[in-house]
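Participant: turn this into a structure:
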Amino acid sequence: MLEHSLFRKLPPWVQAELLTQKGEALALRHFNGWAITLHPYENTFLEVWSKFGVEVVGTFHHAVSYMDVIEPYLSVMPLPEGA
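Facilitator: Sure, this is the predicted structure:
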């Protein structure tokens, strides 16, 4: 993947393509017809929202806690055995 400051300068559609092709998806959830994929990237998280061929990349403010980011995904994230 690209360095974060270079990645952020790319058009959103290129960001979405790069995440889909080279990014590691942590979880996938659905909300109001949107497929939302969570990706880790450079000590932060990115979401790619997809619907009807449109992809929107969103990031989280640095003040948002890890648990606040992953909470909507907990029901679909696999947990390790014995957790």
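
Participant: any idea how many residues pack against the closest residue to G33 other than its chain neighbours?
Facilitator: Of all residues not flanking G33 in the chain, K51 sits nearest, at 5.6 Å (CB to CB, 6 or more residues apart in numbering). Yep, even glycine has a C-beta here, placed from its N, CA and C like the rest. Number of residues near K51 (other CB atoms under 10 Å) recorded here: 14.

Participant: partner residues bridging K51?
Facilitator: V54 (DSSP bridges).

Participant: all strands of the protein, in order?
Facilitator: Taking DSSP state E as the test, the strands found in the chain are 27-31, 34-41, 44-51, 54-59.

Participant: in a markdown table, list the ones you listed along with mean pLDDT and distance to M77.
Facilitator: Formatted as a markdown table, the strands of the chain follow (pLDDT from 0 to 100; distance: least, CB to CB, whole Å):
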| stretch | mean pLDDT | distance to M77 |
| --- | --- | --- |
| strand 27-31 | 91 | 5 |
| strand 34-41 | 88 | 9 |
| strand 44-51 | 87 | 13 |
| strand 54-59 | 84 | 18 |
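
Participant: okay, these in a markdown table with distance to P11 next?
Facilitator: Converted to a markdown table, the strands of the chain look like this (distance: least, CB to CB, whole Å):
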| stretch | distance to P11 |
| --- | --- |
| strand 27-31 | 23 |
| strand 34-41 | 17 |
| strand 44-51 | 14 |
| strand 54-59 | 10 |
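
Participant: quick one, which of the ones you listed is nearest to S75?
Facilitator: Closest to S75 of these, according to CB to CB: strand 27-31, at 7.8 Å.

Participant: tell me the buried residues in the closest one?
Facilitator: Applying a neighbour-count criterion of 16 or more other CB atoms under 10 Å, one finds 27, 29 buried in strand 27-31.

Participant: contacts for it, please.
Facilitator: 35-38, 70, 72-73, 75-77 (CB atoms under 8 Å, 6 or more residues apart in numbering).
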